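Trainee: predicted model and sequence follow; I will ask about them next.
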Amino acid sequence: MAGKEDSETFYSAATPLAFELGSLPTTVIPADPSATDLTAPPKPVIITSPTVAGTYPVVLFFHGFYLRNYFYSDVINHVASHGYIVVAPQLCKILPPGGQVEVDDAGKVINWTSKNLKAHLPSSVNANGNYTALVGHSRGGKTAFAVALGHAATLDPSIKFSALVGIDPVAGISKCIRTDPEILTYKPESFDLDMPVAVIGTGLGPKSNMLMPPCAPAEVNHEEFYIECKATKGHFVAADYGHMDMLDDNLPGFVGFMAGCMCKNSKRKKSEMRSFVGGIVVAFLKYSLLGEKSEIRQIVKDPSVSPARLDPLPELEEASGYLV
């Protein structure tokens, strides 16, 4: 069992491998819109792929409000190193578009991924079209939910998703001021989703940072998203971390500066939070896509194995088909 001493986390053999960097080497492949390239994406994307020959599930990763897709490179690489092709689009340039525009743009990127991703992958690497997951942080988490709920008018209806993970998802400034489309209903288990869903939360997200408002306000954050999900669903809250603590260190530029100071941040190591977020995503994808259920169940049974302290206790409410 993992133990803690002087605020440091020590791993043991009992720690789920999902929290560790995976064994596969990866490569980062940028792709940008171009009028002369028929395989170019509709939005700039960063593809992080294993380099070892094989066929891997695809993960669409959506960034948060006003953030950059490369701010998540450590978490994305963590996920890819376990055998996933991660496609992270940049859905805005200087200013974020309207919420519905962002969701529709996400749909266009997903369509492109299903048809043209292979042209940008290493020659020996293939995408497994049977398994596609949606993952998003903050407003990007809300975008992932909106796409899964059918709000992307641009999305090819033949595309199906196998899992959904919201990383501290946020639906607006408050219950009265929400971004379009307004997907929260404030009714338990109202989301019509036919896939397993994990919701990751932060203990400091609902707290103000000096004069700044909370980055993940109550009534529009992870708690409400989880309440509105049906089984199979999981809930994992990093009690001592804030809304931006899963981002890379030393973010560049003005946007990077703002990302580092606008939210309530933890005094603990951000590397622990990145390992936690990457690990929960990996463990839940193993559970949902590959049928490997032991690690996510171990985290729920023994939260001390997590590199971040979990409070409240993690939950995994399984539908009858997942109880094997």
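Mentor: All right, it came through fine.
Trainee: who's in contact with Glu189?
Mentor: Listed by CB atoms under 8 Å, 6 or more residues apart in numbering, the contact set of Glu189 reads Ile227, Glu228, Cys229, Lys230. In short, each C-beta sits where N, CA and C put it, glycine included.
Trainee: out of the residues you listed, which are buried?
Mentor: Ile227, Glu228, Cys229 (16 or more other CB atoms under 10 Å).
Trainee: between those, which is nearest Arg309?
Mentor: Using CB to CB, Ile227 is the member of the buried ones among the contacts of Glu189 that lies nearest Arg309, at 22.3 Å.
Trainee: any idea how far Pro303 is from the closest one?
Mentor: Going from Ile227 to Pro303 by CB to CB, to the nearest Å gives 20 Å.
Trainee: report all helices and strands that the longest strand belonging to the chain contacts.
Mentor: The longest strand of the chain (DSSP state E) is strand 125-137. In terms of contacts (3 or more CB pairs under 8 Å, 6 or more residues apart in numbering; DSSP states H and E), strand 125-137 is packed against strand 54-62, helix 99-116, helix 139-148, strand 163-167.
Trainee: out of the ones you listed, nearest to Glu182?
Mentor: Judged by CB to CB, the one of the helices and strands packed on strand 125-137 that comes nearest to Glu182 is helix 99-116, at 8.6 Å.
Trainee: report all helices and strands that that closest one contacts.
Mentor: Judged by 3+ CB pairs under 8 Å, 6+ apart, the packing partners of helix 99-116 are strand 54-62, strand 85-89, strand 125-137, helix 139-148.
Trainee: mind putting these into CSV with mean neighbour count?
Mentor: Output for the helices and strands packed on helix 99-116, formatted as CSV (neighbours: other CB atoms under 10 Å):
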stretch, mean neighbour count
strand 54-62, 22
strand 85-89, 28
strand 125-137, 21
helix 139-148, 28
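Trainee: and stretch 281-289, end to end?
Mentor: With CA to CA, to the nearest Å as the measure, stretch 281-289 spans 11 Å from end to end.
Trainee: tell me the contacts of Ala163?
Mentor: Ala133, Leu134, Met195, Pro196, Val197, Ala198, Phe284, Leu285, Ser288, Leu289.
Trainee: residues in contact with the residue nearest to the second one when sequence neighbours are not counted?
Mentor: Looking back up the chat, that one is Leu134. Spatial nearest neighbour of Leu134, excluding adjacent residues (CB to CB, 6 or more residues apart in numbering): Ala144 at 4.1 Å. Contact partners of Ala144, counting by CB under 8 Å, 6+ apart, are Leu60, Phe62, Ala106, Leu134, Val135, Gly136, Leu164, Val165, Gly166, Pro169.
Trainee: so for the fifth one, what's the pLDDT?
Mentor: Read that as Val135. The model reports Val135 with a pLDDT of 98.
Trainee: what's opposite it in the beta bridge?
Mentor: Val135 forms beta bridges with Phe61, Val165, as assigned by DSSP bridges.
Trainee: thought it was touching Val58?
Mentor: No. The criterion here is CB atoms under 8 Å, and Val135 misses it with Val58 at 10.8 Å.
Trainee: coming back round to it: how about the helices and strands packed on strand 125-137 in TSV, adding distance to Ala216 and mean pLDDT?
Mentor: Formatted as TSV, the helices and strands packed on strand 125-137 follow (distance: least, CB to CB, whole Å; pLDDT from 0 to 100):
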stretch	distance to Ala216	mean pLDDT
strand 54-62	16	98
helix 99-116	16	97
helix 139-148	10	98
strand 163-167	10	98
